[in-house]
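[1] Would you be able to build a 3D model of this:
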Amino acid sequence: MTHSQSTPADQPAAALGRRGFLTLAVAGVAASAFTVTIGGLAPAPAHANAFGATAGATAAAVAPRKRELRAMWISSVVNIDWPSRTGLSADAQRAEFLHWLDVAEQFRLNAVFVQVRPTADAFWPSPLEPWSQYLTGVQGQDPGYDPLAFIVEEAHARNLELHAWYNPYRVSMQADPAQLVPEHPARVHPEWVWAYGGKLYFDPGLPEVQEHIQQAILHSVEHYDLDGVHFDDYFYPYPVAGQVIPDAATYAAHGAGFADVADWRRHNVDTFVRSISERIKALKPWVKFGISPFGIWRNRATDPLGSETGGSQSYDLQFADTRKWVLEGWLDYINPQVYWQIGLAVADYAKLVPWWADVAAASGTHLYIGEALYKVTSGVFTDPAELSNHLTMDRGIDAAGTPVHGNVYFSAKHVPADPQGSMSRVVADHYAHPAIVPAMEWLPAADVRTPVLARVGRTDGGVELQWSDAAPPSSRATSFAVYRVDGAADAIDVEDAANLVATVRGQAGVVQAWTDASAEAGREYAYAVTALDRVWNESAPSAVRAVG
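    Coordinates of the predicted model:
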């Protein structure tokens, strides 16, 4: 994404941003502040493991939520997060990715958004586009394994939702087509591509380009067990001073009937978004489709339907009518990059999030808020409690009936780096318990049955639970939720988030087992288990079993 690295007042300098080269001065912070060593590959600071008093606490306790998305973006473009550099062996790449899953578990996240097509290339053996250069350092070179197959399998083993993240139009981070492999579609079809701002882009106005991009994405949807398809904020490129998008010939050929080139460009992006949404659902109806746009659609001063902001507008600069996509129901979730602090005049978090919540609630689209953890690292966010305060505010918006369904952090390397203890504070204040990904009632549900909790007993490692899935093979649960209360009990309130202790991926066969390593010796507990389908619909709880 850009996961834009400037305040709206800095635009159009935000042409790069978080999914691009981290080389811009942002909100008065020198660009070098963003050249952070891949700190995620080092052990987290001690306070990152405590999630307690050392991390601080908000003034008012916030009730935990049983269901919310908690995710981080894992960026591959220019090796921002993973792989940390090109040329690593297949084993080293796999080890690095497992580290990121360790981080997700440590910080009690339940999803990862992993960039698998950063620049018209692929992290899987695609018949349509070459292997990504960010794997081996050489575009088109086989890395010796299938990264997408690996990340899906390993994320699911930990019961993390896996959203594959694609950049639709960007072809290359440099502008010379000759640097692409000869078989690259941009070289086979040079008429599909133009240079702008030192990069190469597919021309969004060409129907044959849209078809190629969609086929490239759909190939991965068809052949891999993805939970979601995710786009960031790169549609038409962010403006570059003194340059004009070179699509005049395409507009002349395809723009008849539109008032101006801006309307035509928006139509091109609308057509792409609607079409890929429909095709994903036709192929696999359970796969979620979501977009993470720049945080401002339009300012109220420009459009009375806009937000009470004064920054750059994605509707006008990226030709992305993000509000329309939500209201038309083309997305399962919208994940705006609200990368600003509470009280910032041009883009106040406290004004933008309620605006997005109202828009999303109008169609029932789920709303996840993109959070700029990197701005704590860079020093833009000076208050270590800023992000925790964001989540507290989001919970208040929930109470108003326009829910915020979760939060996503950019980017992965900043999570274990835990700048100023800010991420530990989020965990201590809001993520003290696990959470289940919110269910989307419009996605196809499986008829999961109440599991049978057969055994609860003490072992050297804690308390072991064994249960069986009572459903026939066609309705077997994808995962299970484990609930626990202190003492003996005849029933457990499974809607109380404080009682949720784990979610566990289902294993082959009908007998499941899990050990509660957090159970204290000599203390009495009662347990119940529920079954979850792949889109997180939940069964009734099992009978309760206790252990002394």
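
[2] only C-alpha atoms for contact and neighbour calcs from this point on.
    Noted.

[3] burial count for the nearest residue to residue 144 once chain neighbours are set aside?
    Excluding the flanking residues, the one nearest residue 144 by Cα to Cα, 6 or more residues apart in numbering is residue 90, at 6.1 Å. Using other Cα atoms under 10 Å, residue 90 has 16 neighbouring residues.

[4] is it true that residue 90 touches residue 145?
    Yes. Here residue 90 reaches residue 145: they are 6.6 Å apart, a contact under Cα atoms under 8 Å.

[5] From residue 220, how far out is the residue nearest to residue 144?
    The gap separating residue 90 from residue 220 is 20 Å, by Cα to Cα, to the nearest Å.

[6] ok, now residue 531?
    Distance from residue 531 to residue 220, by Cα to Cα: 28 Å.

[7] So the two - more neighbours on which side?
    Neighbour tally, residue 531 and residue 220, criterion other Cα under 10 Å: the higher count belongs to residue 531, 31 against 21.

[8] Spit out the contact partners of the more buried one.
    448-451, 469, 477-481, 538-541 (Cα atoms under 8 Å, 6 or more residues apart in numbering).

[9] and residue 257, how many neighbours?
    8.

[10] Would you check how far apart it and residue 274 are?
    20 Å.

[11] can you list contacts of stretch 82-93?
    38, 74-76, 79, 96-97, 133-137, 143-145.

[12] Listing request: residues of this protein with sub-threshold pLDDT.
    Applying pLDDT under 70 to the chain picks out residues 1-61.

[13] domains in it, as residue ranges please.
    According to automatic domain parsing, the chain is divided into the following domains: 8-161+204-430, 452-547.

[14] What is the end-to-end distance of the shortest one?
    Between the opening and closing residues of domain 452-547 lies a distance of 16 Å (Cα to Cα).

[15] what about that domain, distance to the chain center?
    28 Å (Cα atoms, centre = their mean, to the nearest Å).

[16] Now do the nearest residue to residue 134 once chain neighbours are set aside: how many residues are near it, please.
    Excluding its sequence neighbours, the residue lying closest to residue 134 (Cα to Cα, 6+ apart) is residue 86, at 5.5 Å. Neighbour count of residue 86, defined by other Cα under 10 Å: 16.

[17] what do you get for the one 3 residues further on?
    Neighbourhood size, residue 89 [other Cα under 10 Å]: 14.

[18] Give me the three-state assignment for residue 420.
    Secondary structure assignment for residue 420 (DSSP: H, G, I helix; E, B strand; the rest coil): helix.

[19] any idea how far residue 382 is from it?
    With Cα to Cα as the criterion, residue 420 and residue 382 are 9 Å apart.

[20] joint contacts of these two?
    Counting by Cα under 8 Å, 6+ apart, the residues touching both residue 420 and residue 382 are residue 376.

[21] more crowded one of these two?
    residue 420 (17 against 13).

[22] Which residue is the nearest non-sequential neighbour of the more buried one?
    residue 384 is the one closest to residue 420 (Cα to Cα, 6+ apart), at 5.7 Å.

[23] what does residue 356 give?
    residue 367 (7.6 Å).

[24] The one you found belongs to a strand?
    Yes. Using three-state DSSP, the assignment for residue 367 is a strand.

[25] beta partners for it?
    residue 334 (DSSP bridges).

[26] how near is it to residue 353?
    9 Å.

[27] so who does residue 111 touch?
    Counted by Cα under 8 Å, 6+ apart, residue 111 has contacts 69-72, 104, 160-163.

[28] all strands for the stretch 101-250 of the chain, in order.
    111-117, 161-166, 170-172, 193-196, 199-202, 228-231 (DSSP state E, counting those that start in this stretch).

[29] Would you convert those into a markdown table that also reports distance to residue 346?
    Compiled in a markdown table, the strands of the stretch 101-250 of the chain are given as follows (distance: least, Cα to Cα, whole Å):
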| stretch | distance to residue 346 |
| --- | --- |
| strand 111-117 | 28 |
| strand 161-166 | 29 |
| strand 170-172 | 29 |
| strand 193-196 | 28 |
| strand 199-202 | 29 |
| strand 228-231 | 25 |
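
[30] now for these, which one comes closest to residue 313?
    strand 228-231 (17.9 Å; Cα to Cα).

[31] contacting residues around that closest one?
    Residues contacting strand 228-231 (Cα under 8 Å, 6+ apart): 1, 113, 162-168, 221, 287-292.

[32] What subset of the residues you listed is buried?
    1, 113, 162-168, 221, 287-292 (16 or more other Cα atoms under 10 Å).

[33] just these now: which is nearest residue 261?
    The nearest one, if we look at these relative to residue 261 and count by Cα to Cα, is residue 168, at 20.3 Å.

[34] Quick check, the closest one in contact with residue 235.
    Yes. Contact criterion Cα under 8 Å: residue 168 and residue 235 qualify, at 7.2 Å.

[35] Between these two, which contacts overlap?
    Counting by Cα under 8 Å, 6+ apart, residue 168 and residue 235 have no shared contacts at all.

[36] quick one, helices of the stretch 251-400 of the chain?
    With DSSP state H, counting those that start in this stretch as the criterion, the stretch 251-400 of the chain has helices at 261-283, 314-317, 322-327, 349-363, 374-378, 386-399.

[37] Show me the one of those helices that comes nearest residue 522.
    helix 386-399 (35.3 Å).

[38] give the contact list for residue 153.
    Residue 153 touches nothing, counting by Cα under 8 Å, 6+ apart.

[39] Please name the bridge partners of the residue nearest the centre of the chain.
    Most central in the chain under Cα atoms, centre = their mean is residue 113, positioned 3.9 Å from the mean C-alpha point. Taking DSSP bridges as the rule, residue 113 bridges to residue 73, residue 163.
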